[in-house]
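Engineer: Fold the following for me, if possible:
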Amino acid sequence: MRTVWGVRFCLVFFIIVCTACAAPAVERGPLVIYSGRTEAFIQPILDAFATAHPEIAVVVKYGKNSELAALLLEERDRPQADIFLTTDMLVPLSLIDEGVLAPAPIPGSEYVPATLKDAQGRWTSVTSRARVIIYNTDLVSAADAPQSMLALTDPRWRGKVAFADASNGPFQSQIAGMMHLLGTPATDAWVRALVANNTAFLANATDLRMAVGSGEFAIGVANHYHYELQRREATNNRVGVVFPDQGPTQMGVLMNTSTVSQVAGSAHPDAAATFAAFLYAPATQQLFADVNYEFPVVPGVRITSGATQHDDFRQAAVSMDIVAADAQNAVLLMQNAGIP
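Structural biologist: Here you go, the predicted structure:
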């Protein structure tokens with residue numbers, strides 16, 4: 001009898017051990033997000049995700065797109081991040097050939113236009129944004145506000161215009177788009193004229209919108225939602241906006257996108273997939289639109305009434321893949337012209 005029970009115990013123990021060995025590995029620890037988007041723009045989304053998925057803890061590391069991309073490359077053999085969020089699609093495109101980003105098409109992103117995502121799912125646009133001219137209405141009247149990006153080099157605006165610096169992804173995208181639409185020589189001449197006109201180049205677009213709102217600068221160039229946010233500030237909110245280059249022979253408004261990627265070989269692929277899919281739920285896209293005033297990439301979602309809609313202006317006829325192809329040359333052009 002002891003022998004029979006001993007055999008049965010051994011069999012049961014063997015089955016338990018084998019079952020444990022065959023079971024999929026448990027994803028331990030929090031979901032780690034590397035975010036090139038600042039906390040103010042992503043925290044409402046994280047709060048909504050925490051409510052929808054309390055079982056998934058999240059830790060976020062913030063930084064500039066380029067810094068986080070370099071870290072992902074450094075950690076390639078032992079990935080520490082699960083999700084990479086960016087303010088622009090140029091950075092994930094630069095990582096594709098490095099094998100850092102997982103080919104993982106995201107549920108819900110099938111409605112995103114093909115021009116705004118990688119066919120293999122290594123990066124997908126989350127929101128789109130327009131490059132606009134913001135002006136301080138105490139310093140510039142609507143009638144006098146420049147109506148074209150090209151007008152910003154006029155001597156009347158000397159020392160009165162601000163951009164973000166050369167590390168800013170949307171600015172890089174703008175230059176790449178202009179190189180395609182206007183040609184490299186004309187774009188190079190424009191950038192050099194900006195520098196010669198004593199244009200200021202600030203650390204980020206948030207500093208820029210606040211500097212225009214306070215009157216430190218009369219004019220700034222940034223994504224459209226910075227205007228929407230500044231005009232809703234309690235103070236320094238006397239700002240206007242121009243969606244530029246709308247004439248029949250002008251280039252139209254240049255666009256850029258924010259993106260999400262899943263990191264190849266990460267410790268939490270299931271949680272990463274859940275988070276990525278959450279970004280394309282209509283309610284989440286509506287949150288991006290209502291809180292950040294960004295343009296949704298999922299059809300049927302519109303921005304809060306009173307804010308500019310993405311069909312209220314003519315967009316430049318240049319696709320994201322063309323912008324991406326000129327991205328490195330755009331950065332070199334900016335740096336060679338003296339933009340810090």
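Engineer: for His224, what are its contacts?
Structural biologist: His224 makes contact with Arg129, Ala130, Arg131, Val132, Val241, Phe243, Tyr293, Thr308, according to CB atoms under 8 Å, 6 or more residues apart in numbering. (Glycine included, C-beta is placed from N, CA and C.)
Engineer: please redo it, this time with the cut-off set to 7 Å
Structural biologist: Contacts here follow CB atoms under 7 Å, 6 or more residues apart in numbering; on that basis His224 touches Arg129, Ala130, Val132, Val241, Thr308.
Engineer: what do you get for Ala327?
Structural biologist: Leu90, Gln172, Ala176.
Engineer: what about 6 Å?
Structural biologist: By CB atoms under 6 Å, 6 or more residues apart in numbering, the contact set of Ala327 is Leu90, Ala176.
Engineer: Check what pLDDT it gets.
Structural biologist: Reading off the confidence values, Ala327 has pLDDT 85.
Engineer: distance of it from Asp88?
Structural biologist: 9 Å (CB to CB, to the nearest Å).
Engineer: Ala203 too?
Structural biologist: 16 Å.
Engineer: One more: Met334?
Structural biologist: For Met334, the distance to Asp88 - CB to CB - is 14 Å.
Engineer: Equivalent analysis for Asn168, please.
Structural biologist: 8 Å.
Engineer: Also Phe295?
Structural biologist: Phe295 is 14 Å from Asp88, where distance means CB to CB.
Engineer: now swap in Ala211 and tell me
Structural biologist: Counting by CB to CB - Ala211 and Asp88 are separated by 21 Å.
Engineer: higher neighbour count, those two?
Structural biologist: Between Ala211 and Asp88, Asp88 has the larger neighbour count (other CB atoms under 10 Å), namely 26 against 18.
Engineer: quick one, what contacts that one?
Structural biologist: Gly169, Pro170, Ser173, Asn256.
Engineer: so where does the closest residue to the third one other than its chain neighbours fall, helix or strand?
Structural biologist: What that stands for is Ser173. Leaving out its chain neighbours, the residue that sits closest to Ser173 by CB to CB, 6 or more residues apart in numbering is Asn256, at 4.1 Å. Asn256 belongs to strand 255-262 when assigned by DSSP states H and E.
Engineer: Among the contacts of His224, which one has the most neighbours?
Structural biologist: Going by other CB under 10 Å, Ala130 tops those with 26 neighbours.
Engineer: so what's that one bridging to?
Structural biologist: Note on Ala130: beta-bridge partners by DSSP bridges are Met255.
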